[in-house]
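> Okay, sequence plus prediction incoming.
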Amino acid sequence: MSEISVAGAGMAGLVAAARLRELGRPVVVREKGTRAGGSMLLSSCVVFRHRELEAFRAECPGGDEALQRLVWERLDDAIAWLVARGAPVVWDETGNPRTVGKRFDPRGLVDALDGDVVLGVDGRMDGPLILCTGGFAASAELVTRYVAPAAPLRLRANPWSAGDGLAHALERGAALTGGMDDFYGRNMPDAAWDETELVSLSQLYARFARIFDEGGAEFFGRDQVSWSETNVVAATARRPGAKAYYLLDEAALSERVRDRTVADMVAAAPAESRVALGDLPFAPPEGAVAAVRVVASITHTIGGVRVDERARVLRHDGTPIEGLWAAGVDAGGIATGGYASGLAQALVLGLAAAEDAASR
Ligand SMILES: Cc1cc2nc3c(=O)[nH]c(=O)nc-3n(C[C@H](O)[C@H](O)[C@H](O)COP(=O)(O)OP(=O)(O)OC[C@H]3O[C@@H](n4cnc5c(N)ncnc54)[C@H](O)[C@@H]3O)c2cc1C
């Protein structure tokens with residue numbers, strides 16, 4: 001039996017490798033970074049789907065319908081598979097009426113999936129290969145080329161996902177999906193932060209703020225903000241410096257986001273990002289009592305390599321490239337135009353890739 005290579009030991013790679021081992025296939029996982037887990041290890045680790053397939057379609061209208069259906073239909077069983085492997089559940093439900101899923105402890109999830117991983121190497125190999133390198137968010141050059149932000153985006157993810165899977169697939173004749181300019185990210189405080197603060201410092205209260213750019217133009221109405229707030233981030237990325245100011249009045253400060261008030265979230269933002277009203281580069285709107293400067297930050301790309309429901313990488317004519325699969329963020333075109341769980345996509349396509357590779 002020929003050995004199957006997995007490039008990347010984040011969510012998709014660890015899932016694919018665990019499934020291949022379960023199916024009795026020899027597998028080698030090669031990871032470019034210094035640790036397994038990828039961005040999954042840094043994440044909130046809520047693996048979810050939209051409650052209804054129609055809602056998924058409506059939320060991400062540019063995505064591939066067959067892939068969306070696959071993720072939606074397989075996710076509940078896939079989550080049960082994770083639980084059966086011993087992945088520790090932190091929340092049994094997402095707490096969001098729109099979605100269904102579970103929150104896992106990320107360290108425990110890595111441990112439940114981890115087998116042997118070769119660290120510090122490029123995983124792109126000859127022979128049967130599953131690309132799970134996590135997209136290209138960490139490449140400023142590729143983000144500038146495809147996403148075209150007004151200024152380089154801060155990275156809110158692992159530092160190693162720099163488009164290696166994409167480059168390898170393109171060299172072998174792969175097609176790209178639409179939505180290459182789409183990304184998932186958060187507006188973060190315009191200040192220094194490190195990878196332990198990526199969740200806690202996300203400024204997730206745009207729906208209560210008035211939003212201005214550096215030039216003082218109000219560019220996004222509160223009623224336009226989507227529930228995930230990712231559309232504000234995309235708009236911020238296209239404003240000068242990829243920055244915005246969130247202006248808050250007393251009523252906004254007393255609103256709640258889960259267990260925290262907006263006032264708590266503002267107080268927790270680093271001091272450099274909290275701007276005195278008199279120091280704003282424009283006149284504050286009437287009633288404003290607090291201002292936070294935020295910067296658009298990218299977690300992962302949404303466009304990528306085109307795959308089918310067996311996670312096989314496709315050429316422009318729709319035929320699969322022999323011995324090449326892509327899963328997770330490397331496989332593009334699922335959440336195009338909106339927001340869906342990157343972990344769900346990585347889990348379901350990681351399983352699909354492993355099962356197809358094992359059946360060869
Ligand atoms: C702060 C934060 C919060 C998040 N919260 C959620 C959430 O609650 N729910 C959700 O669904 N998603 C969430 N996400 C997104 C989620 O983490 C990603 O969608 C998911 O990890 C994608 O899985 P992946 O396997 O494609 O990429 P990753 O998990 O990032 O793994 C990619 C791996 O490939 C490696 N790699 C790169 N290039 C190479 C190469 N050439 N050779 C070998 N290895 C390589 C990288 O080092 C990395 O380990 C969050 C992310 C962050 C950062």
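Thanks, I have the structure now.
> list the helices and strands the lengthiest helix in the chain packs on?
Among the elements of the chain assigned as helix by DSSP state H, the one spanning the most residues is helix 65-84. Applying 3 or more CB pairs under 8 Å, 6 or more residues apart in numbering; DSSP states H and E, we find helix 65-84 packed against strand 46-50, helix 53-59, strand 99-104, helix 106-113, helix 342-358. (C-beta placed from N, C-alpha, C; glycine too.)
> Please name every helix or strand in contact with the fourth one.
Counting contacts by 3+ CB pairs under 8 Å, 6+ apart, the secondary-structure elements packed against helix 106-113 are helix 11-22, helix 65-84.
> is any part of that helix close to the ligand?
No: counting by CB under 6 Å from any ligand atom, the ligand has no neighbours in helix 106-113; the shortest distance is 8.4 Å.
> now the angle from that helix to helix 65-84?
90 degrees (axes from the mean of the first three to the mean of the last three CA atoms, to 10 degrees).
> buried ones in helix 106-113?
106, 109-110, 112-113 (16 or more other CB atoms under 10 Å).
> Now do it: distance to the chain's middle.
Helix 106-113 sits 18 Å away from the centroid of its parent chain (CA atoms, centre = their mean, to the nearest Å).
> ok, residues contacting it?
Applying CB atoms under 8 Å, 6 or more residues apart in numbering, the contact partners of helix 106-113 are 14-15, 17-18, 36-37, 40-43, 45, 82, 85-88.
> low-confidence ranges in the stretch 1-150 of the chain?
The stretch 1-150 of the chain contains residues with pLDDT under 70 at 1.
> Smallest distance to the ligand belongs to which residue of it?
Taking CB to the nearest ligand atom, the ligand has its nearest neighbour within the stretch 1-150 of the chain at Gly10, 1.7 Å off.
> And for that residue, nearest residue in space, chain neighbours not counted?
Using CB to CB, 6 or more residues apart in numbering and skipping the chain neighbours, the partner closest in space to Gly10 is Gly38 (2.1 Å).
> show me what contacts that neighbour?
8-11, 13, 134, 158, 160-161.
> Pull the most distant pair out of the residues you listed.
Across the contacts of Gly38, the longest distance by CB to CB is 13.8 Å; it joins Met11 and Trp160.
> Looking at the two now, which is surrounded by more residues?
Higher neighbour count among Met11 and Trp160: Met11, with 33 against 18, using other CB atoms under 10 Å.
> Contacts for the longest helix of the chain, please.
Contacts for helix 65-84 (CB under 8 Å, 6+ apart): 47-50, 53, 56-57, 60, 89, 100-102, 104, 109, 112-113, 307-309, 331, 333-334, 340, 344-345, 347-349, 351-352.
> Now a ChimeraX select for only the buried ones of those.
To isolate the buried members of the contacts of helix 65-84 in ChimeraX, using 16+ other CB under 10 Å:
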select :47,48,49,50,56,57,60,100,101,102,104,109,112,113,307,308,309,331,333,334,340,344,345,347,348,349,351,352
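> report the longest strand in the chain, please.
strand 290-301 (DSSP state E).
> Which stretches in the stretch 101-250 of the chain count as strands?
118-119, 129-131, 154-155, 183-189, 210-212, 218-220, 243-248 (DSSP state E, counting those that start in this stretch).
> Could you please name the strands the second one pairs with and the direction of each pair?
When sheet partners are counted by DSSP bridges, strand 129-131 sits next to strand 4-7 (parallel), strand 320-326 (parallel).
> Comparing these, which comes out most buried?
Highest mean neighbour count of the strands paired with strand 129-131: strand 4-7, a mean of 26 (counted as mean count of other CB atoms under 10 Å).
> Give me the contact status of that one with the ligand.
Yes: against the ligand, strand 4-7 shows contacts by CB under 6 Å from any ligand atom at Ala7.
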